[in-house]
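Asker: pasting a predicted model and its sequence here:
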Number of protein chains: 2
Amino acid sequence: MRGDGCCDMRGFLSFLILFLLSKRKMHGQELAEEIEKRKGSKPSPGTIYPALKSLREYGLIEERKEGKTVIYSLTERGKKELKTAKQRFCRIFLGVY
Amino acid sequence: MRGDGCCDMRGFLSFLILFLLSKRKMHGQELAEEIEKRKGSKPSPGTIYPALKSLREYGLIEERKEGKTVIYSLTERGKKELKTAKQRFCRIFLGVY
DNA sequence: TTAAATATATCGGATGCCCAATATATCCTA
DNA sequence: TAGGATATATTGGGCATCCGATATATTTAA
């Protein structure tokens, strides 16, 4: 339990990244800003890049280098994984609007 | 990232407990079973009771001993905390149905 | 061609969720 | 009044998330 009240809710970052990338492909900084909009604080580089690396290693996202930035997008496997993760998510939090 | 796919989603337990107790007061085992229904696996005693203790120490839930069992319910502060946690939750996961 | 700015990436460590094992207490049954 | 079943509780530790600090690469500005 941390200062921001109860309910740490750690462990949702990868899920959120998959969800955001399913809306549109983005590079890391864009992702960090989208997350900041939602949760109030911007994830640090030490948070966002290891998470992206992990998702890539699991074959759920792929990268395309484009000059300075790297564009991340979902793989087919990532889309499938997001779908089942969503179902799990919805069953767990059924009724929490 | 763990075996059950991506998206660990740990750190939601306290939140879920507050939510479930807002529906009806329960004792620990009932809570564990409700959580099992939602997430598929039953939290172990070493998970559920420390979580309850923590929530009690933060003044978010209160206990009433009743023979063998202990009935847990939300305090006023717990209700308030749940409300803001819900708002945070909904903003973070906006669009994830 | 420096210098600053931006993006990506890694490392070490703090935090705390969660579990397995174990212990205690109460209730029920024979 | 034993013995089993159920509920509560604690302890120790594993492990993933997440952050701060630091490093590298590319782009832009001067």
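Answerer: Now that the structure is in, tell me what you want to look at.

Asker: so which residues on chain A come close to DNA strand C?
Answerer: A:1-2, A:8, A:10-11, A:27-29, A:45-46, A:49-50, A:52-53, A:63, A:68-70 (C-beta under 7 Å from any atom of the strand). Any C-beta I mention is one placed from the backbone N, CA and C, and that applies to glycine too.

Asker: return the subset of those lying in helices.
Answerer: A:28, A:29, A:45, A:46, A:49, A:50, A:52, A:53 (DSSP state H).

Asker: who does residue A:65 form a beta bridge with?
Answerer: residue A:70 (DSSP bridges).

Asker: next one, pLDDT for the most centrally placed residue in chain A please.
Answerer: When C-alpha atoms, centre = their mean is applied to chain A, the residue found nearest the centroid is residue A:17 (1.3 Å). For residue A:17, the pLDDT comes out at 96.

Asker: mind telling me what element it is part of?
Answerer: helix A:13-23 (DSSP states H and E).

Asker: what is the burial count for the residue in chain A that DNA strand D sits nearest to?
Answerer: Residue nearest to DNA strand D within chain A: residue A:46 (1.5 Å; C-beta to the nearest atom of the strand). Using other C-beta atoms under 10 Å in any protein chain shown, residue A:46 has 8 other residues around it.

Asker: in TSV, list the ones in helices among the residues of chain A next to DNA strand C along with pLDDT.
Answerer: Below are those laid out as TSV (pLDDT from 0 to 100):
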residue	pLDDT
A:28	94
A:29	95
A:45	94
A:46	94
A:49	96
A:50	95
A:52	96
A:53	95
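
Asker: how about stretch A:24-40: buried residues?
Answerer: Residues A:26, A:27, A:28, A:31, A:32, A:34, A:35, A:38, A:39 are the ones in stretch A:24-40 that count as buried (16 or more other C-beta atoms under 10 Å in any protein chain shown).
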